[in-house]
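> Predicted model follows, preceded by the sequence.
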Amino acid sequence: MQEWLLVALRTLLAIVILFLMTKILGKRQVSQLSFFEYITGITIGSLAAYISLDLDARWYLGIVSLSVWVLFSLGIEFLQIKSKKARDFIESKARVLIKDGKIMEENLKKERITTDELMEELRKKSVFQTANVEFAVMEPSGDINVLLTKENQPLTPKHLGIKVDPEQEPQVVIMDGVVINEPLATIGLNREWLDTELEKIGVAIENVFLGQVDSYGQLYVDLYDDQIKVPKPQNKATLLATLKKCEADLEMFSLSTKAPKAKKMYEECAKELERVIKEVRPLLIQ
């Protein structure tokens, strides 16, 4: 067999073996490499290259070595799952770098991080002043996570005492100009509703690259032609305007009637509706 063909076949074999071994090791090998996993990845890649290019009759020893590395890595991962001491030894512990706005200089030295590097990492988190940091910790992966002080945290409905219902995942109902029926059925809608919504904005299904429906039943579309501007859904704005109109009508009825009982009823209903509008307004103006 010619050498180029032999190298090609061994390369294909190495790719298949490397893919299978990586699948066995799991997604963490790719997404969150620890120090040991980083070494493992480099070594496995080198062994795969050896299997591909070594024309010696003993090339199969590369597969043996590759298998040993993978099995050893699996053993280390299972050991880390079972033992916290093993995790702390292999991956090291998280270390506090800033506490109550004060930089922990000794911990910076232990992690061999300069002040410039720390400030760079903080700026990546949109933090420009250490005094605004309640807590900053360096994770075993090398990432630095930051908790801002209360007064510097973004305002949320919880801070305002507003209870917000959990928002459902937006469902993709059109992809590449084709309607996907299963997500439509999941959110209790049908093809007729979709056709009506598309007709409102004057768009044909075949011209839609991607269509999504949010938890409020609003349809958002992205067209193949980016030059065409599609109006944004107005369902929430329309609902808010309708509620305000109802409130105004109730107030007008209370002013126009001369019957005391009816006047009182209209006033109470107007106040109740005003309270409801105040509660739902943050959701309807997003």
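That came through, no problem.
> Just checking: what are the partner strands of the helix or strand residue 145 falls within?
Per DSSP states H and E: residue 145 is located in strand 144-148. Partners of strand 144-148 in the sheet, by DSSP bridges, are strand 133-138 (antiparallel).
> ok, and what's touching the partner strand?
Residues outside strand 133-138 that contact it (Cβ atoms under 8 Å, 6 or more residues apart in numbering): 94-101, 107, 111, 113, 122, 127, 144-150. Where C-beta positions appear, they are placed from N, C-alpha and C, glycine not excepted.
> Could you pick out the buried ones from the residues you listed?
By neighbour count, with 16 or more other Cβ atoms under 10 Å, the contacts of strand 133-138 hold 95, 97-98, 107, 111, 113, 122, 127, 144, 146, 148 as buried.
> so which of these comes closest to residue 228?
Distance to residue 228 across the buried ones among the contacts of strand 133-138 (Cβ to Cβ) is lowest for residue 127, with 40.1 Å.
> So what's the gap between the longest helix belonging to the chain and the chain middle?
Assignment by DSSP state H gives helix 260-284 as the longest helix of the chain. Computed by Cα atoms, centre = their mean, to the nearest Å, the chain-centroid distance of helix 260-284 equals 38 Å.
> All further residue positions should be reported with the first residue as 49.
New numbering, starting at 49: the last item is helix 308-332.
> Going along the chain, name the helices of the protein.
Using DSSP H, helices in the chain cover 51-73, 76-79, 83-101, 108-130, 132-139, 153-158, 163-172, 229-234, 239-249, 283-304, 308-332.
> Could you dump those helices into TSV with mean pLDDT added?
Shown next, in TSV, are the helices of the chain (pLDDT from 0 to 100):
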stretch	mean pLDDT
helix 51-73	69
helix 76-79	47
helix 83-101	70
helix 108-130	77
helix 132-139	75
helix 153-158	90
helix 163-172	92
helix 229-234	88
helix 239-249	88
helix 283-304	80
helix 308-332	82
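> Switch the ones you listed over to TSV; also include distance to residue 211.
TSV is the format used below for the helices of the chain (distance: least, Cβ to Cβ, whole Å):
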stretch	distance to residue 211
helix 51-73	43
helix 76-79	34
helix 83-101	42
helix 108-130	38
helix 132-139	37
helix 153-158	40
helix 163-172	33
helix 229-234	25
helix 239-249	29
helix 283-304	18
helix 308-332	8
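> Next one: the residue nearest the centre of the chain relative to residue 261, how far apart?
What sits nearest the mean C-alpha location of the chain, by Cα atoms, centre = their mean, is residue 217, with 11.5 Å. Applying Cβ to Cβ, to the nearest Å, the value for residue 217 to residue 261 is 10 Å.
> same check, this time on residue 120
Applying Cβ to Cβ to residue 120 and residue 261 gives a distance of 48 Å.
> same deal with residue 200?
Residue 200 is 36 Å from residue 261, by Cβ to Cβ.
> same thing with residue 61?
From residue 61 to residue 261 the distance is 47 Å (Cβ to Cβ).
> More neighbours: which of these two?
Counted by other Cβ atoms under 10 Å, residue 61 and residue 261 do not tie: residue 261 has more neighbours, with 24 against 15.
> in terms of contact, does the more buried one touch residue 237 like I think?
Yes - using Cβ atoms under 8 Å, residue 261 makes contact with residue 237 at a distance of 6.8 Å.
> mean confidence for stretch 214-225?
Mean pLDDT, computed over stretch 214-225, is 85.
> Would you check how far apart residue 131 and residue 124 are?
Applying Cβ to Cβ to residue 131 and residue 124 gives a distance of 11 Å.
> When these two are compared, which one has more neighbours?
Using other Cβ under 10 Å as the criterion, residue 131 and residue 124 rank with residue 124 on top: 16 against 12.
> what does the model give the nearest residue to residue 272 once chain neighbours are set aside for pLDDT?
Once flanking residues are discounted, residue 272 sits nearest to residue 257: 5.0 Å by Cβ to Cβ, 6 or more residues apart in numbering. The model reports residue 257 with a pLDDT of 91.
> Distance check, residue 273 against residue 254.
On the measure of Cβ to Cβ, residue 273 and residue 254 end up 12 Å apart.
> For the two, indicate the residue with more neighbours.
Neighbour count, other Cβ under 10 Å: between residue 273 and residue 254, residue 254 has more, with 10 against 7.
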